[in-house]
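Asks: Here is a sequence with its predicted model. Questions after.
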Amino acid sequence: MLKKLTQFYYPETIEEACKYLGKKGEKTAVVAGGTSEALRQDNSIEALVDISRVKELNYIRKDSSIYRIGATTPIQDIYKCSDLKGPSGEILKYTAGKIGSTLLRNSITAGGNLAAIFPWSDLPPVYLALDAEVVLRKGKPKRTVPVENLINERPNKFLGENEIIAEIAVPVYGKGTGTSFVKFAKTANDYSMITVATRVTLKSGKIEQARIALNAVTISPVRIKDAEKILEGQKPTSDLIAEAAAKTAEKAEIRKDFRASKEYKREVLEVLVRRSLEEALEMAKK
Amino acid sequence: MKLNTRINGKDYCLEINPNAMLVDVLRQAGLKSVKFGCGEGSCGCCAVMIDGKPRNSCITLAGLAEGAEILTVEGMGNPQEPHALQQAFVDSGSTQCGYCNPGSLIAAKALLDSNPNPSAEDVKDALDGNLCRCTGYVKRIDAVLSAAKAMKKSKKTSRGKK
């Protein structure tokens, strides 16, 4: 593991970090909490750029209608943050609390969940359900893109060589929106077997916007848009929700792993999506 | 490469392999309270405090601890002068095989540092990353709650003396 690693860089600003990453003739990688880097079987990396001391990357704040979460913010800080409220804040806090344990949550970061996406990463489906955006920095220049683009094109291909994830920008939803996150695992500490994140936004009695995002059961975080379409523009009924749940189970490309058969997971997935949508709807109606 | 770090209030400059994990580096530096368990961040035996936050040292690259303040159980207390948590673990029977204790104590200390009046739920939440096969967890929760009480009492009496 990391057999070629010879040194660490400890930048204190984003620009400094990007400079190290862009260094010619040296294969570098970013590290913050380090949990995925520690287990990575990559023997080509020669230097690690530790961005955990870059103060301008560690924060949770709200400006106008967006929660801004710095990339290196430990998810324990999200879990314990009393300023995160409403449909977006609650699902972020709840999900962060469901990840690993206190010891792991102090290491795992909000941006790390996106930089190294694993099937068991729990936050990416939540980011998808909330239509979150990600702020990328290449020194001073920055670009803001939907999290969905970053996930679909894979971070290691999407990010430039000297580009880092700087912030996750999550829209704040108000009354009429409900969210729900459901995690299914063998034990509270085990890797997720199925994760479901949903959001429903109501407008004059009808579902204006619906999001159904999955991970763990699929190989990568993904939205099931065919199922979302069933809901959008319709009056929410239990039949409609059941139909969307069935569609999700039908369309999801189930990942193979030793924990359970695909058939079993498909069966459970349908139930979890239904419950999640019901829960989100309940919140939206309040 | 060199690692400059402060462990239990003492400065260290250690020669390390760049890909070494913190658990191994600490043990080689003589801090044997830090235990290697699962090696993948599941069991919590290796927990140490890094800049005030309890983390798994088995999946933390030692290089990430450059310039950091590390606390292990050696820095909490010793048999002659145990920390209130250590005493409570002994008194309550939370120490049986003992292998999980260093990690549990570090996680418990982190809790009491930020919350001197925890509820049983708070204790469960804070120690959720520290597996223990001997005690069935109940004794450990009792221990942390009684240590919190003992610490408050001793604070009051020491203030009274002044």
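Replies: Happy to help now that I have it.

Asks: Identify the residues contacting the residue of chain B found nearest chain A.
Replies: For chain B and chain A, the shortest gap (CB to the nearest CB) falls at residue B:129, measuring 2.7 Å. For every residue, glycine as well, the C-beta is placed using N, CA and C. For residue B:129, the contact set (CB atoms under 8 Å, 6 or more residues apart in numbering or on different chains) comprises A:100-104, A:189, B:44, B:47, B:54, B:56, B:107.

Asks: What part of chain A, helix or strand, is modelled with the least confidence?
Replies: helix A:35-38 (a mean of 84; mean pLDDT, DSSP states H and E).

Asks: Chain B contacts on the stretch 51-200 of chain A?
Replies: By CB under 8 Å from any CB of the partner chain, the residues of the stretch 51-200 of chain A that approach chain B are A:52, A:74, A:76, A:100-104, A:106-107, A:188-189.

Asks: so where's chain B uncertain?
Replies: B:159-162 (pLDDT under 70).

Asks: which residues of it fall in helices?
Replies: Counting by DSSP state H, chain B has helices at residues B:22-28, B:84-92, B:101-114, B:120-126, B:138-161.

Asks: Up against chain A, what does chain B have?
Replies: So chain B meets chain A at B:1, B:18-19, B:21, B:40-42, B:44, B:47, B:53-56, B:59-61, B:63-64, B:66-67, B:103, B:107, B:110, B:125-130 (CB under 8 Å from any CB).

Asks: Weed out the non-buried ones from those residues.
Replies: For the residues of chain B next to chain A, a neighbour count by 16 or more other CB atoms under 10 Å in any protein chain shown gives the buried set as B:18-19, B:21, B:41-42, B:44, B:47, B:53-56, B:59-61, B:63-64, B:103, B:107, B:110, B:125-130.

Asks: Next step: those residues restricted to strands.
Replies: Taking DSSP state E, the ones among those that sit in strands are B:47, B:53-56.

Asks: Show the contacting residues for the most centrally placed residue in chain B.
Replies: Against the mean C-alpha coordinate of chain B, by CA atoms, centre = their mean, the closest residue is residue B:106 at 1.7 Å. Taking CB under 8 Å, 6+ apart, we find residue B:106 in contact with B:47-49, B:54, B:71-73, B:76.

Asks: run the last query once more with 6 Å
Replies: By CB atoms under 6 Å, 6 or more residues apart in numbering or on different chains, residue B:106 lies in contact with B:47-49, B:54.

Asks: Check residue A:135 too.
Replies: Counting by CB under 6 Å, 6+ apart, residue A:135 has contacts A:142, A:144, A:166-167.

Asks: let's go with 8 Å and repeat that
Replies: Shown in contact with residue A:135 (CB under 8 Å, 6+ apart): A:142-144, A:165-169.
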